[in-house]
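1. can you look at this prediction? I've put the sequence above it.
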Amino acid sequence: MIVATMLSQTTRSHQDSWQVRPASSRFWRYGPLVVWAILIFVGSGDLLSAAHTSILLRAVRWLFSNVRDESLAIFHLLGRKAGHLTEYAILATLGARAFRDSSHDLLRRHWFWVSWLFAIAYSLTDEFHQSFVPSRKASIYDSLIDSVGALIGLTIVLLRRRNLNQTAGG
């Protein structure tokens, strides 16, 4: 009798912490994260190399014909680094969206840190991937920018959630 009671309590708590969710729910939760990660991977190939993104500088030169080459180079560099910051802010935000509602208790409870660590790890693998692309070079500094972008995105999510919780509670 005691063993049966213990087994039923163990089974019940196990079922509570590992809720069975339909596959379609997981698809909608993790799908955008996977698609964005694939887009980052594709973009880290030759497609978004500096040689290809510098085409946008022609438009800047057309709009501002007096701009100096040094200014264009700085504009190009800052635009590329802003791209790193933004793409990883989005990746981490999509990670937070997926992990906050996960069926795994650990992911749900630590969604902020799991999302950030995922973005950092993905950033490092992305830079490793770029080391094999002839038109690209790997840079730990880009990975740091990516990590800061992820942290900014997650901080915005966290602050927004706290603000919504305070609004709903008060």
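-> Received it, and whenever you're ready, just let me know what you need.

2. so for the residue nearest to the spatial centre of the chain, what's the pLDDT?
-> Centroid-nearest residue in the chain: Leu91, 1.7 Å away (criterion: CA atoms, centre = their mean). What the model reports as pLDDT for Leu91 is 98.

3. swap in Val3?
-> According to the prediction, Val3 has pLDDT 47.

4. try Ser54
-> Value for Ser54, per-residue pLDDT: 67.

5. can you check Arg161 too?
-> According to the prediction, Arg161 has pLDDT 91.

6. repeat for Glu70
-> pLDDT recorded at Glu70 is 88.

7. okay, buried residues for the strand or helix carrying it please.
-> Assigned by DSSP states H and E, Glu70 belongs to helix 69-100. Residues of helix 69-100 classed as buried: 72, 76, 80, 84-85, 87-100 (neighbour count, 16 or more other CB atoms under 10 Å). (Each C-beta comes from the backbone N, C-alpha and C, glycine too.)

8. Ile140 contacts Gln130, correct?
-> No: contact criterion CB atoms under 8 Å: Ile140 and Gln130 do not qualify, at 11.5 Å.

9. quick check: mean pLDDT of the helix or strand sitting right after the helix holding Glu70 along the chain?
-> The helix or strand immediately downstream of helix 69-100 is helix 105-109, counting by DSSP H and E. Throughout helix 105-109, pLDDT has a mean value of 94.

10. tell me the buried residues in helix 105-109?
-> Buried, per 16+ other CB under 10 Å, within helix 105-109: Leu107.

11. just checking, what packs against that helix?
-> helix 69-100 (3 or more CB pairs under 8 Å, 6 or more residues apart in numbering; DSSP states H and E).

12. how far out from the middle of the chain is the helix it packs on?
-> Chain-centre distance of helix 69-100: 10 Å, with CA atoms, centre = their mean, to the nearest Å.

13. helices or strands up against that helix?
-> Using 3+ CB pairs under 8 Å, 6+ apart, the elements in contact with helix 69-100 are helix 23-43, helix 50-53, helix 56-63, helix 105-109, helix 111-130, helix 140-169.

14. hang on, Ile90 packs against Leu154?
-> No: with contact defined as CB under 8 Å, Ile90 does not reach Leu154; the gap is 11.1 Å.
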